[in-house]
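> what's the 3D shape of this:
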Amino acid sequence: MHRPVDAAVLRRGGPHDTSPPGERLRTQVVIVGGGPAGLAAAIELGTRGIDCVVLEPRVTIDHDRPRAKTTSVRTMEHLRRWGVADRLRAAAPLPHGWSRDVVFATGLLGREITRFEGAFGLACADLGLAAEAGLQIPQPVVETVLREVTAEQPGVRLLLGARAVGLETTGDTVLARAERGGRSLAVEARFAIGSDGAAGICRDAVGARYEGSSGELPNLSIVFDAPGLAERVCLRPAVQYWIVNQTASGLMGRLDLGERWWAIVQDADPRRAEADPAALVRILVGDRALDPRIVATDPWVARMLLADRYRSGPVFLVGDAAHLNPPWGGHGFNTCLGDAVNLGWKLAAVLSGWAPPALLDTYQPERRPVAAQTIAAAGTQQRLRAPSFAHPDLDGAGEAGQRARARTARALHAKTSEFRSEGLVLGYHYASSPIVVDDGTPVPEHDPVVYHGSGRPGARLPHRVLPDGRALHDVLGPWFTLLVATDGAGPAAGTAFRDAAAGTGVPLEVVEVPVAALEDGARFPLVLVRPDQHVAWRGADAADARLLLGVVTGRLTLPE
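Have a look, this model is predicted:
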């Protein structure tokens, strides 16, 4: 059981924040912005013994505007690594397993057109792709749990109500200036992480600019209460109901098992008189007599923007400060968290003294292509919005209606990659990274839908269940881990790597596993895994152990 964090403690900035506003603080890393990316960075650093200060202007979290609702299987793997995956599942308003489907229908009370089962990675654990499955949970709930976990880290100070107003670099140090409670605050640090979103100060401090475009068609998010509505729905449960209607189209779903719902009406311009939220909800539901209580509205357009650079000196960009993803497919906040993990372990390695600053040069070349790939995949769905499938015969009871629904169901197969994107979520890799040692095997072809698990260097270590029932990822150490196939390599290899690690200061654990636990384990009985669960190297002998550890930590380069 985790201990609850008192709201007053959070307002003071966490249990270790005893410094009054106006004081100059010193820390190793200052994190500007305490949304999901900033909190994830703080946890990644905090669990690795690095002190940091998080500056977050919001004292409270707005639960009426949930925004992201999908926590991907890859994000859940990182939460599992931190020991909080079960904690997040316990906090989810919709229980895990309540539904794994996305349904297209003519109305919430209308006719089903087609159904996508096993959406958003919700069945990944059952399919053997991961030890965790994805989770449908509102972003405010995720942030609440991450705030609690952040506040529990001994070296982390979470300063809520602190708004960053300036960021200065002098040589190898950073000074963040903030305002909190009407008083000034300065934080001096070795590094700064800019996780303050699109409107923050850090992107300008880095000298970065967005490249890309924003969608022209408007969307209107609505949160509403509708007592008794759930009991009237004849469609089988779904985490998303996409409504295709000539009058108003979009998507909707339950926020909890009570009376609260969310909806996104596509092509709804809030400046127009017909964009009355209650009227739009009635159309999506299919009940003109419904009297929903509108809780909140939020107009927006999809943005497909990528910063041209992720770093300037000791200042790094993560999350929305570095990229803005369309929401289709639910990849936005998950990509942000992936940035934080990648940068977090590298900063910790450098600050701990066993990796050189050159390791940090690999952050942008590893993460920026992932963001570009994700934006491109989500952007393909911009033209496949619900209104584009509307047809006057869809809700018909006769033969014409049946034909229209069958025709539309076939057309909707084009949206498969939005709901089934295991290849995108689990299959991205860092094969071209300078701290990944190529083994000469083919780089897996990118397939955004189907995950083709690969043990090749750069890829995420494929999930396996060991004979004792543990997941392979669960036996990895917190830093580098050498997996040794007990019936393929022998103990000498482990000894060689241990000696090399001791000589270079690299924290390394050696774990023996059956050869079947490793992809192509007979050929590659040694697998060196990074702190983020990606494969750094694999091979058959440990003759170059010292050189390999130097390469994967950024200290050495392989000879030509």
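> Next secondary structure after the lowest-mean-pLDDT helix or strand in the chain?
Within the chain, no helix or strand scores below helix 7-12, which has a mean of 34 by mean pLDDT, DSSP states H and E. Where DSSP states H and E defines the elements, the next helix or strand beyond helix 7-12 is strand 24-26.
> Report all helices and strands that that following strand contacts.
Using 3 or more CB pairs under 8 Å, 6 or more residues apart in numbering; DSSP states H and E, the elements in contact with strand 24-26 are strand 183-189. Just so you know, the C-beta spots here come from the backbone N, C-alpha and C atoms, and that holds for glycine as well.
> Tell me the strands beside the very next helix or strand once past the strand it packs on, with direction?
Sequence order places strand 191-194 as the next helix or strand after strand 183-189, per DSSP H and E. Looking at strand 191-194 with DSSP bridges, its partner strands are strand 29-32 (parallel), strand 315-317 (parallel).
> wait, what's in contact with the residue nearest to residue 194 when sequence neighbours are not counted?
Beyond its immediate neighbours in the sequence, the residue positioned closest to residue 194 (CB to CB, 6 or more residues apart in numbering) is residue 202, lying 2.5 Å away. The contact partners of residue 202, taken as CB atoms under 8 Å, 6 or more residues apart in numbering, are 32, 33, 164, 167, 192, 194, 195, 196, 315, 317, 321.
> secondary structure class for the fourth one?
Put plainly, it is residue 167. Following DSSP: H, G, I helix; E, B strand; the rest coil, the label given to residue 167 is strand.
> Contacts only, for it.
By CB under 8 Å, 6+ apart, the contact list for residue 167 reads 32, 174, 175, 176, 177, 192, 194, 201, 202, 205, 315.
> Give the ChimeraX command for selecting the buried subset of those.
ChimeraX command restricting those to the buried ones, with burial defined by 16 or more other CB atoms under 10 Å:
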select :32,174,175,176,177,192,194,201,202,205,315
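> Throw the contacts of residue 167 into JSON lines and include pLDDT, thanks.
Converted to JSON lines, those look like this (pLDDT from 0 to 100):
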{"residue": "32", "pLDDT": "98"}
{"residue": "174", "pLDDT": "96"}
{"residue": "175", "pLDDT": "96"}
{"residue": "176", "pLDDT": "96"}
{"residue": "177", "pLDDT": "96"}
{"residue": "192", "pLDDT": "98"}
{"residue": "194", "pLDDT": "97"}
{"residue": "201", "pLDDT": "95"}
{"residue": "202", "pLDDT": "96"}
{"residue": "205", "pLDDT": "93"}
{"residue": "315", "pLDDT": "97"}
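> Just put the contacts of residue 167 in JSON lines and tack on distance to residue 381.
Shown next, in JSON lines, are the contacts of residue 167 (distance: CB to CB, whole Å):
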{"residue": "32", "distance to residue 381": "31"}
{"residue": "174", "distance to residue 381": "38"}
{"residue": "175", "distance to residue 381": "42"}
{"residue": "176", "distance to residue 381": "37"}
{"residue": "177", "distance to residue 381": "40"}
{"residue": "192", "distance to residue 381": "34"}
{"residue": "194", "distance to residue 381": "28"}
{"residue": "201", "distance to residue 381": "32"}
{"residue": "202", "distance to residue 381": "29"}
{"residue": "205", "distance to residue 381": "33"}
{"residue": "315", "distance to residue 381": "33"}
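> Secondary structure element for the most centrally placed residue in the chain, which one?
The centroid of the chain falls nearest to residue 334 when counting by CA atoms, centre = their mean (1.3 Å). Element membership for residue 334 (DSSP H and E) is helix 332-352.
> and what of residue 417?
helix 416-419.
> Now find how far off-centre the helix or strand following that helix is within its chain.
Downstream of helix 416-419, the next assigned helix or strand under DSSP H and E is helix 422-426. Distance of helix 422-426 from the chain centroid (CA atoms, centre = their mean, to the nearest Å) equals 12 Å.
> elements contacting helix 422-426?
Secondary-structure packing of helix 422-426 (3+ CB pairs under 8 Å, 6+ apart): helix 73-82, helix 363-379.
> before we move on, back to that, you'd agree the residue nearest to the centre of the chain is up against residue 77?
No - at 10.8 Å, residue 334 and residue 77 do not qualify as touching, with contact defined as CB atoms under 8 Å.
> Just the buried residues of stretch 95-113, please?
So for stretch 95-113, counting by 16+ other CB under 10 Å, buried means 96, 99-113.
> Sorry, slip of the keys, the one I care about is stretch 192-208.
Neighbour-count burial for stretch 192-208 flags 192-197, 200-203, 205-206, 208 (criterion: 16+ other CB under 10 Å).
> Which pLDDT value does the model give residue 96?
Looking at residue 96, its pLDDT is 85.
> what's the answer for the one 10 residues further on, then?
Per-residue confidence at residue 106 stands at 95 (pLDDT).
> Excluding chain neighbours, give the residue nearest to it in space.
Excluding the flanking residues, the one nearest residue 106 by CB to CB, 6+ apart is residue 395, at 4.2 Å.
> The strands paired with strand 191-194: which one's closest to residue 43?
With CB to CB, the closest approach to residue 43 among those belongs to strand 29-32: 10.6 Å.
> Could you look up the SS state of residue 60?
Secondary structure assignment for residue 60 (three-state DSSP): coil.
> give me the low-pLDDT residue ranges for the stretch 301-450 of the chain?
Across the stretch 301-450 of the chain, nothing is flagged by pLDDT under 70.
> Please apply the same query to the stretch 1-150 of the chain.
Within the stretch 1-150 of the chain, the stretches with pLDDT under 70 are 1-22.
> swap the cut-off to 90 and go again
Applying pLDDT under 90 to the stretch 1-150 of the chain flags residues 1-23, 65-68, 96-97, 126-127.
> Which parts of it are strands?
Assigned by DSSP state E, counting those that start in this stretch, the strands in the stretch 1-150 of the chain fall at 24-26, 29-32, 52-56, 70-71, 102-105, 112-116, 135-136.
> List the buried residues of the second one.
By neighbour count, with 16+ other CB under 10 Å as the criterion, the buried positions of strand 29-32 are 29, 30, 31, 32.
> okay, the helices and strands packed on helix 422-426 in TSV with distance to residue 149 next?
Converted to TSV, the helices and strands packed on helix 422-426 look like this (distance: least, CB to CB, whole Å):
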stretch	distance to residue 149
helix 73-82	7
helix 363-379	22
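> Which of the ones you listed sits closest to residue 531?
Among those, the nearest to residue 531 by CB to CB is helix 73-82 (8.9 Å).
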